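**Student:** Predicted structure and sequence below. I'll ask about it afterward.
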Amino acid sequence: MSRPKPLLPISILALTALLWGLPPSFAQEGEHAFVGSKNCRKCHLKQAKSWAETAMAQAYEVLKPGARSEEKTAAGLDPDKDYTGDATCLPCHTTGFGKEGGFVDIDTTPELAGVGCEMCHGAGGTYTQDQLMSLKNKEYKKSEVVAAGLVAEVSETQCVACHNSESPFVADDFVFDFEANKDEGSHENFPLKYEH
């Protein structure tokens, strides 16, 4: 005969979630884990198609041997070296490297290769749930998904985490011009079908 499992751990999680003002399911599902751009594509198809054609979507490809050889040589990098496992490159060429649910390697998490939606809009583990942003709740409230972790308004902070003078492809005095570049390289912005 098996013993009933104690409810205490679940109760603590639920109580913690309620104290933080979150539904209990958030605490149980792994706060801010990365879910991949494929998950976003289900509802944001136009944005996803536009993003797929950008340098951001293809950022992982740059790390492969022979890719952008001239630029790598000019930056003092070996153009024939495979950088796809280089921990100094992966944070800016993949989605969520080194974070919960983030990119591990191309075999384990191929869907997180490249700079995906969550690099700008935050890890979707909490806000892409049935009761929030999902196909089951198409008329979600923007304020609720923002409170759960969505970054609705991309700021310079997200961009300069990678677009800075630490990159071997720019000079030490490089300064990212957010206003001039904020609409380039990500995706076209399309009106959403439902009011949020």
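**Tutor:** Good, I have the coordinates.
**Student:** give me the number of residues near residue 93?
**Tutor:** 22 (other CB atoms under 10 Å). (Glycine included, C-beta is placed from N, CA and C.)
**Student:** Apologies, that question was intended for residue 138.
**Tutor:** 12.
**Student:** mind checking the backbone torsions on it?
**Tutor:** phi -70, psi -20 (degrees, to the nearest 10).
**Student:** Tell me which residue lies nearest the centroid of this protein.
**Tutor:** Nearest to the geometric centre of the chain sits residue 118, at 2.0 Å (CA atoms, centre = their mean).
**Student:** element containing that residue?
**Tutor:** Residue 118 belongs to helix 117-121 when elements are defined using DSSP states H and E.
**Student:** repeat for residue 71
**Tutor:** helix 69-74.
**Student:** got a list of contacts for that helix?
**Tutor:** 78, 79, 80, 169 (CB atoms under 8 Å, 6 or more residues apart in numbering).
**Student:** Most widely separated two among those?
**Tutor:** 80 and 169 (17.2 Å; CB to CB).
**Student:** Which one's more surrounded, the two?
**Tutor:** Neighbour count, other CB under 10 Å: between residue 80 and residue 169, residue 169 has more, with 14 against 10.
**Student:** and the more buried one, what does it touch?
**Tutor:** 71, 75.
**Student:** repeat for residue 103
**Tutor:** 34, 90, 94, 95, 96, 97, 109, 112, 113.
**Student:** Show me which pair in the residues you listed is furthest apart.
**Tutor:** The most distant members of the contacts of residue 103, if one measures by CB to CB, are 34 and 90, lying 13.2 Å apart.
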